[in-house]
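K.L.:
quick one: sequence and predicted model below, then my questions.
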Amino acid sequence: MAYNVLIVDDSQTMRRVIQKSVALSGFELGDCWEAGDGREALQILRSHWVDLILADINMPVMNGLEMLRELSKDEMYRSVPVILITTEGSEKWQDEAQALGIKGYIQKPFHPETIRSVLTRIMEETRV
Amino acid sequence: MFEEMRETAVSVTSAVFETMLFTFLEPRGREEARDLSVLNSNVVFLTGEIGFLGKYSGKLRLTMPLDLAERMASNFMGLEEEKATESQAVDLVNELCNMICGNLSSRLARSDQTLTWTLAIPQTRIFSHPEMGEEAGGQEVEVDFDADGDWVNLRIQLNV
């Protein structure tokens, strides 16, 4: 089964590298959507079926935490697994992000193998 | 505090370049850095800047030749023979600023939670010749790196 993924990051180069890392990890990638901020991501979610969201935190317009708050308010999107890929490592935002239901967290800089192991774990949990 | 910040900045910047770009950085003294050929030729440079807010607020700047940024962006995005565009190089340098500043904040906060920073959105400018005065001191941390013959400069200014 292939999974549709939404990558949310204001850096075009980082979105491309994340997409490449996901594809190289052996993860069965279906459609891959890209958004430059949280607001764009919410628009994409309204019109496309997404199985997994990979998102940054520090973004203009709507940051990753604001996007998570919006997702948590909506019954339809609340169950979509979200993995944060970010430079931010403080306990302050990690506590809030976990309370908002994130499934995983990858700190930049990352090795592609890290993406693979986190994705594998998340999708196994989701299947169960 | 500045000595700890300098050591951490060297470690974090080297780790970001190695992990994401497979580029190895060697810290250099200012006089050694002046001898790097790229500083004595007519090349275009690029500076990324990111502001941070917290107990100590300030900004972090990362400067390098545009050509180096374009080559690294090309490798980073797996473009192979294709050269990255200027906007892709700018995007990469912004992301490097974000990664270095975010990781520096996380590392410093391990010993003091109040040192956690909130990061602004990075911005970049392109110019023809770097200001190469004396190495920054006082309320600043500055490190010159040799990236296989290219010059990379990191400067952190604190509003203490």
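P.N.:
Received the coordinates, thanks.

K.L.:
ok so residue A:34 is a strand residue?
P.N.:
Yes: the assignment for residue A:34, made by DSSP: H, G, I helix; E, B strand; the rest coil, places it in a strand.

K.L.:
isn't it right up against residue A:7?
P.N.:
Yes: with contact defined as CB atoms under 8 Å, residue A:34 counts as touching residue A:7 (5.2 Å). Using the backbone N, CA and C atoms, a C-beta is placed for each residue, glycine as well.

K.L.:
overlap of the contact sets of these two?
P.N.:
A:15, A:19 (CB atoms under 8 Å, 6 or more residues apart in numbering or on different chains).

K.L.:
okay, the two: which has more neighbours?
P.N.:
residue A:7 (22 against 17; other CB atoms under 10 Å in any protein chain shown).

K.L.:
near chain B, which residues of chain A? Just list them.
P.N.:
Proximity of chain A to chain B is assessed by CB under 8 Å from any CB of the partner chain, with A:10-14, A:16-17, A:20, A:58-60, A:86-92, A:107-111 identified as the residues in range.

K.L.:
make a ChimeraX selection of the buried ones in those residues.
P.N.:
A single ChimeraX command suffices to select whichever of the residues of chain A next to chain B are buried according to 16 or more other CB atoms under 10 Å in any protein chain shown:
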select /A:10,11,12,13,14,16,17,58,59,86,87,88,89,90,107,108,109,110
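
K.L.:
what are the contacting residues of stretch B:80-90?
P.N.:
Defining contact as CB under 8 Å, 6+ apart, one finds that stretch B:80-90 is touched by A:12-13, B:46, B:48, B:66, B:69-74, B:77, B:92, B:124, B:126.

K.L.:
correction: the previous question concerned stretch B:56-65.
P.N.:
Under the contact criterion CB under 8 Å, 6+ apart, stretch B:56-65 has outside partners B:38, B:43-52, B:93, B:96-97, B:100-101, B:104, B:115, B:117, B:130, B:139, B:147, B:150-160.

K.L.:
taking those one by one, which sit in strands?
P.N.:
Among these, the ones falling in strands (DSSP state E) are B:45-52, B:147, B:150-158.

K.L.:
could I get the pLDDT score of residue B:129?
P.N.:
Per-residue confidence (pLDDT) for residue B:129: 67.

K.L.:
that older thread, from the ones in strands among the contacts of stretch B:56-65, which are also near chain A?
P.N.:
The subset of the ones in strands among the contacts of stretch B:56-65 within reach of chain A, counting by CB under 8 Å from any CB, is empty.

K.L.:
filter those to the buried ones?
P.N.:
Among the ones in strands among the contacts of stretch B:56-65, the ones that count as buried by 16+ other CB under 10 Å are B:45-52, B:147, B:150-158.

K.L.:
which one is whatever residue of chain A ends up closest to chain B nearest to, not counting chain neighbours?
P.N.:
In chain A, the residue that lies nearest chain B is residue A:87 (2.6 Å; CB to the nearest CB). What sits nearest to residue A:87 in space, not counting adjacent residues and going by CB to CB, 6 or more residues apart in numbering or on different chains, is residue B:102, at 2.6 Å.

K.L.:
show me what contacts that neighbour?
P.N.:
The contact partners of residue B:102, taken as CB under 8 Å, 6+ apart, are A:58, A:86-89, A:108, B:119.

K.L.:
that's all I had, so thanks and see you.
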